[in-house]
Structure formats: C-alpha cells, structure tokens
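Colleague: pasting the structure only:
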C-alpha cells in the first residue's frame, strides 16, 4: 500500500506541474500513468514538434518541456507508477483507496485527475472477429518476440512500429507487411529497407490492401486482405500484428460518479474540484465555461487544485500563501542551500 | 458562411451554417454533432475527426498537407475519400459540402 497526501493520475505536463505545486506547499504525491514514460500527449503525440505558447519559453519541443518539468520536480522525489492504469476507487472514512490494473494500491487524502483525453490504448482493427484472437494470435504490441520464430506473421500498418517489426521479424519469420497505401509514415531508411527486403524475397509487401477478415478456429489460420479496387487475397498467417498508433480512452474513470460531459469532467474554477469531494480534475480532461485546452491553462489549474487538496491532506492546518522567492519553507522543500 | 451537411452513423442528417475560417471539425463540435471526437483539438495528431467526403467534393477540397495522410493511416477504416475534418477550413467555396461520419473513431 502506497500512502501519500495526493494521487495524481496522468504524468503529462499538467500532472507534473501539479506535483511541483503540491511539493511547494508541503504535500506528498505519487503519479500513475498508463504509458511507459512521463510526458503524456507531449511525448506520445508530438515529442519533436515545437511548442510556441509556454509562457517565457519562446520555443521548446514536447520532449524538452517534459524533461524540464521532471527536473523541476526532482527535489520532491515524486514516485512514478508507469504502465499502470487506475481501475478501482473506494472511499473509507476520509481517505481514498485506489487500485491499478497491475494491482498497485494507494491510500490518499485527495486525487487529482490530470488524465488528458484519457489513457492511451492501442488502436484496434475494425474487423469484429479480431477480438476473439486478441492476446493469443493477434497482438497490438510485442512482449515476447521468440514466439514468432519460424512462423508466418502478417503485420498491418505503415508507421515506424510496423516497419521496424517487419524488418526485425523478417530475420527469423516469414513476414507479410500490409498497408493501405503506397506511402509510409515511418522513417525513410526503414521504408527503403522494407522495399529492398521485398525485392530480395525476404518479406512480402502488400500495399493498397487493408484487412477484410481473419479466418481460424482457436488460432488464426489465414487472413483475408482487400485491395482498394476490391480484389481479395487470402494469405496464410500464424500471427497477426496491428500497429495503428494509440487512441485515448477515459476507461474506468467513467464509473467514478463524476459529472462527465463529452469525455471531460466538470469542475469548479475556484479549485478545480469535481462534483465528488476530494477529487480534482485539471488539464485537458476538465471542463468549465471558457476552458482552453492549453498547457498554460493546465499549469494554472494544477496550482489551484494543489491548494484545494490541502484541506483534505492537513485538515487541522491552515495554508498560508507564500512566494518561492521569499518563503523559507518552500525553499527548504526545494532543497535550496544558501 | 457555408452550409455543411454531416451524415451521422445513426442515419441522421445535420445541415449547419458554419462560419468561414472555422474547420469542418469545429463546426461539428460546436453543434454537438456526434461521432467526431477530435481528441487532439485540431493538431493533426490523433485521427479522431476522420470523415468520409462525398465523392464529388474530393477534387474541390484543398489538397492534403504533409502529415494528414500519415495520420489517416491510424484512422478507423480509412477509405479513398477519407479526410481529417480538422484540416478542412470552411470558406464560401465549401458551401454545400457533405461528409459522412464513420461509425466510430477508434
């Protein structure tokens, strides 16, 4: 059981800065995120794209912003629980109990949901029968590549994941790479490599094809692919892999009794608390009149939510407003030596 | 101002006056037309505002910029007439545009 004052759900820029604000006022927190690294949309959607509207930072990439925020919260030794998705929520007396998909448990005084547009999940095939084979002969990520040795693998997608795995698995497996168009979004060098392997007969490339259906009893036996013009090919496949990027889903938070409107959580603008006492929502996931989905708005929301958490974490103490330039307590928490 | 017609998956038709300068995605979001999620808010980073454009309009729309086709690879059931509605900026020329919204976005 992890005990802290506050649990932050989401390690995007808003969640990270909220951790800073909690640290400054002397509250402890832990952060859960479904991705394998901190940064949220900044890291997952646009790590290399420059951002131009962070106050006092004329230009920085999503990755730089994330790294700077991580540096900024370093003094607080915040514990991260990555690759974990929050599942269950229970109220006992004045504390919240939260359990994640991987069984990690928390007991906290308040919760800050900084979940962006939801947790990132792999985007799946539109073909319904695929569900039946998911996890046995159809995958959206690879945990153990040894199972593919000497098998026939059909890989769908045109981005870096699809290309990289097609190249790698072609060493030990028979690989079909199927993509909906002639162009690819992956790195130019990988595209060339795939084309070379195709020319050498070490990989079969099918472009302008998409999945039509999968055929099999317990495991996939063949997969049918359909050309733009309508022609259908049936290809033998022991395994099917789909790499279509990630989609964001709200998931179990939907069942927490929060007022949810179009994938966002309603909050008040005084301290960004939801309709449930002790649960706050900040960043892209919260909604209120005039809400702007900007990182800078998320920072403001996090600062106020952190202060909103104080009365739940330390009900007998009064929070005094202080500046980091002059507050001895804040500077001590930041580990500043004079 | 342009009249944009959105056909939703429940076989309903919504014809909306959308101001010039807004995107076809924003026209849908502001008028509560279901089926366009626009998770990334118009940044061409998510493919959840994917629509099918009525064939006769395909050639009249501004060409896809770099990146739109890459993002469409990630869309749910992309077809030849697929576009990201966040990239379609409304102008008088788009008056009468019709789009179909897919059954889901992911």
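Modeller: Cool, the structure landed. Computed from a predicted model, the values in this text were never measured in an experiment.
Colleague: got the contact list for the most centrally placed residue in chain B?
Modeller: Residue closest to the average C-alpha location in chain B (CA atoms, centre = their mean): residue B:85, at 2.7 Å. Counting by CB atoms under 8 Å, 6 or more residues apart in numbering or on different chains, residue B:85 touches B:23-25, B:28, B:36, B:38, B:49-51, B:99. Using the backbone N, CA and C atoms, a C-beta is placed for each residue, glycine as well.
Colleague: what of residue A:265?
Modeller: Residue A:265 neighbours (CB under 8 Å, 6+ apart): A:113, A:253, A:258-259, A:274, A:281, A:285-287.
Colleague: next, format these as TSV and append secondary structure, pLDDT and neighbour count.
Modeller: Compiled in TSV, the contacts of residue A:265 are given as follows (DSSP: H, G, I helix; E, B strand; the rest coil; pLDDT from 0 to 100; neighbours: other CB atoms under 10 Å in any protein chain shown):
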residue	secondary structure	pLDDT	neighbour count
A:113	strand	98	28
A:253	helix	90	22
A:258	coil	96	20
A:259	coil	96	13
A:274	coil	98	21
A:281	strand	98	31
A:285	helix	95	28
A:286	strand	97	26
A:287	strand	96	18
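Colleague: contacts with chain B among the residues you listed, please.
Modeller: Near chain B, taking CB under 8 Å from any CB of the partner chain as the test, no member of the contacts of residue A:265 is found.
Colleague: nearest to residue A:13, of these?
Modeller: Of all the contacts of residue A:265, residue A:13 sits closest to residue A:285, with 12.8 Å by CB to CB.
Colleague: are we agreed that residue A:310 is in a helix?
Modeller: Yes: counting by DSSP: H, G, I helix; E, B strand; the rest coil, residue A:310 falls inside a helix.
Colleague: relative to chain B, how far out is it?
Modeller: Here residue A:310 is placed at a distance of 31 Å from chain B (CB to the nearest CB, to the nearest Å).
Colleague: same thing with residue A:313?
Modeller: Taking CB to the nearest CB as the measure, residue A:313 falls 32 Å from chain B.
Colleague: skip the chain neighbours and tell me the closest residue to that residue.
Modeller: Leaving aside its chain neighbours, residue A:313 sits nearest to residue A:5 (3.8 Å; criterion: CB to CB, 6 or more residues apart in numbering or on different chains).
Colleague: buried stuff in the helix or strand the one you found falls within?
Modeller: Using DSSP states H and E, the element containing residue A:5 is strand A:2-9. Across strand A:2-9, burial judged by 16 or more other CB atoms under 10 Å in any protein chain shown covers A:4-9.
Colleague: could I get those as JSON lines with pLDDT?
Modeller: Output for those, formatted as JSON lines (pLDDT from 0 to 100):
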{"residue": "A:4", "pLDDT": "98"}
{"residue": "A:5", "pLDDT": "98"}
{"residue": "A:6", "pLDDT": "98"}
{"residue": "A:7", "pLDDT": "98"}
{"residue": "A:8", "pLDDT": "98"}
{"residue": "A:9", "pLDDT": "97"}
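Colleague: farthest pair within those residues?
Modeller: A:5 and A:9, at 14.6 Å, using CB to CB across these.
Colleague: quick check: buried residues in the host helix or strand of residue A:235?
Modeller: Using DSSP H and E, residue A:235 falls within strand A:232-236. Residues of strand A:232-236 classed as buried: none (neighbour count, 16+ other CB under 10 Å).
Colleague: give the pairing partners of it; include direction for each.
Modeller: Using DSSP bridges, strand A:232-236 pairs in its sheet with strand A:220-227 (antiparallel).
Colleague: which residues are in contact with the least confident helix or strand in chain B by mean pLDDT?
Modeller: Lowest on mean pLDDT, DSSP states H and E among the helices and strands of chain B sits helix B:68-72, with a mean of 93. For helix B:68-72, contacts defined as CB under 8 Å, 6+ apart pick out A:158-159, A:181, A:183, A:185, B:44-47, B:50, B:78, B:82-84, B:87.
Colleague: residues from chain B in reach of chain A?
Modeller: Residues of chain B lying near chain A (CB under 8 Å from any CB): B:37, B:39-41, B:43, B:45-48, B:69-71, B:73-74, B:76-78, B:80, B:105-106.
Colleague: swap the cut-off to 10 Å and go again
Modeller: Residues of chain B found near chain A (CB under 10 Å from any CB of the partner chain) are B:29, B:32, B:34, B:37-48, B:66-67, B:69-80, B:82, B:102-106.
Colleague: buried ones among those residues?
Modeller: Neighbour counting with 16+ other CB under 10 Å marks B:29, B:37-42, B:44-48, B:69-78, B:82, B:102, B:105-106 as buried within those.
Colleague: how about the secondary structure of residue A:275?
Modeller: Residue A:275 - assigned by three-state DSSP - is coil.
Colleague: how about residue A:280, nearest residue that isn't a chain neighbour?
Modeller: residue A:305 (4.1 Å).
Colleague: the least confident helix or strand of chain B: what's the following helix or strand?
Modeller: strand B:82-84.
Colleague: summarise which helices and strands that following strand is packed against.
Modeller: For strand B:82-84, the packing partners by 3 or more CB pairs under 10 Å, 6 or more residues apart in numbering or on different chains; DSSP states H and E come out as helix B:24-30, strand B:50-53, helix B:68-72.
Colleague: neighbouring strands of it in the sheet, and parallel or not?
Modeller: Strand pairing for strand B:82-84, determined by DSSP bridges: strand B:50-53 (antiparallel).
Colleague: who touches the strand it pairs with?
Modeller: Residues outside strand B:50-53 that contact it (CB atoms under 10 Å, 6 or more residues apart in numbering or on different chains): B:6-7, B:24-25, B:28, B:35-38, B:58, B:60-61, B:71-72, B:74-86, B:88, B:97-102, B:104-106.
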